[in-house]
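Chemist: Would you be able to build a 3D model of this:
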Amino acid sequence: MVTKFGRTCICVGWRGVFFPCSGLLCSMGWSIDGVGFHGRGTLIDFEGIPYTALSLFAFCYSGHVVFPTIYSSMKDRTMFPKVLFVCFTLCTLNYGLMAVVGYLMYGQAVNSQVTLNLPVGKLSSKIAIYTTLITPLTKYALVLTPIANSIEDRFHLSKLRLVSILLRTLLVVSTVVIALTVPFFGYVVALTGSFLSSTATMLLPCLCYIKIFRNRRQGMELVTIVLIIAMGASIAVIGTYSSIKQIVDHI
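Modeler: Numbers count the residues shown, from 1 in each chain. You can find the predicted model right below:
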């Protein structure tokens, strides 16, 4: 909660990069420290790809809510496009390496949370669990800062330090209560990724871009934008349906 009190999150952002990389390095260490690459299973499972998996993939790339915070905290804001390119590239490499390593290690035996598969008593396992626990603390401040700043600017609370701290504390407490009371949290995350995240990160930006620059968009750029819109719409429709169906089936 302390990480949430600041209006900028530069230090928190560095921690948010460090801990996921530590988790990836620890996963590499497990393969050497007694686990090995012995996983067996189906390399491509088309049954799960069009449904919950696509929704979770969309959720992993839905960091657009923190873009205003990152942009406003930069000294040289002209570097923002390069920052986005580097960040999405590193995220893709991190997700891809973790998926490959996890599959080679555990195959179809992997649990819903990979930390449940970790070998007991290993130093690398303890480091991975601790970094997994700390990572949400660093990232959560980045996600919630734009919401808190918008509320403070709307009601002119930015200069009232105690009120600002109280507001941010209430936001944190409210989300903790929701996380504890909402059942089937994994399916809820999938629903969020399929409906809200894909809409906010794929559909709306592309549609607005075409609307603003409709007289200058042509050729391969327009084809690429249309393909992104089609993919986002597919994830939104299919993922939302499957997520709602899974929630209903488990009630």
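
Chemist: In this structure, which residue sits furthest out from the middle?
Modeler: Asn215 (34.1 Å; Cα atoms, centre = their mean).

Chemist: Quick one: mean pLDDT for the strand or helix carrying Thr132?
Modeler: Thr132 is located in helix 123-154, with elements delineated by DSSP states H and E. For helix 123-154, the mean per-residue pLDDT is 76.

Chemist: again, but for stretch 191-205
Modeler: Mean predicted lDDT for stretch 191-205 stands at 80.

Chemist: Just the C-alphas of that stretch, formatted as PDB.
Modeler: In PDB, the C-alpha atoms belonging to stretch 191-205 read as follows (Å, rounded to 0.1, in the frame of the first residue of the first chain):
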ATOM      1  CA  LEU A 191     -13.500 -12.100 -19.000                       C
ATOM      2  CA  THR A 192     -11.700  -8.800 -18.300                       C
ATOM      3  CA  GLY A 193      -9.000  -9.700 -20.800                       C
ATOM      4  CA  SER A 194     -11.400 -10.700 -23.500                       C
ATOM      5  CA  PHE A 195     -14.000  -8.000 -23.300                       C
ATOM      6  CA  LEU A 196     -12.500  -4.900 -21.700                       C
ATOM      7  CA  SER A 197      -8.800  -5.300 -22.400                       C
ATOM      8  CA  SER A 198      -9.200  -6.300 -26.100                       C
ATOM      9  CA  THR A 199     -11.600  -3.500 -26.600                       C
ATOM     10  CA  ALA A 200      -9.400  -0.800 -25.000                       C
ATOM     11  CA  THR A 201      -6.100  -2.000 -26.500                       C
ATOM     12  CA  MET A 202      -7.100  -3.300 -30.000                       C
ATOM     13  CA  LEU A 203     -10.400  -2.100 -31.200                       C
ATOM     14  CA  LEU A 204     -10.700   1.500 -29.900                       C
ATOM     15  CA  PRO A 205      -7.200   2.700 -30.700                       C
END
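
Chemist: Helices of the chain, start to end?
Modeler: Secondary structure of the chain (DSSP state H): helices at 10-32, 54-60, 67-73, 80-106, 123-154, 161-181, 185-191, 198, 204-212, 220-249.

Chemist: Show me what counts as buried in the helix holding Thr132.
Modeler: Applying a neighbour-count criterion of 16 or more other Cβ atoms under 10 Å, one finds 124-125, 128, 131-132, 135, 137-146, 148-149, 152 buried in helix 123-154. C-betas here are computed from N, CA, C, even on glycine.

Chemist: ok, how many other residues are close to Ser174?
Modeler: Using other Cβ atoms under 10 Å, Ser174 has 10 other residues around it.

Chemist: list the contacts for the nearest residue in space to Val163 that is not next to it in sequence?
Modeler: Nearest non-adjacent residue to Val163, counting by Cβ to Cβ, 6 or more residues apart in numbering: Leu157, 5.1 Å away. Residues near Leu157 by Cβ atoms under 8 Å, 6 or more residues apart in numbering: 151, 163-164, 167.

Chemist: Same check on Pro205?
Modeler: His64.

Chemist: Check which residues of stretch 91-101 are buried.
Modeler: Buried, per 16+ other Cβ under 10 Å, within stretch 91-101: 94, 98, 101.

Chemist: Kindly indicate which of those residues lies nearest Gly107.
Modeler: When the buried residues of stretch 91-101 are compared for distance to Gly107 (Cβ to Cβ), Val101 wins out at 11.8 Å.
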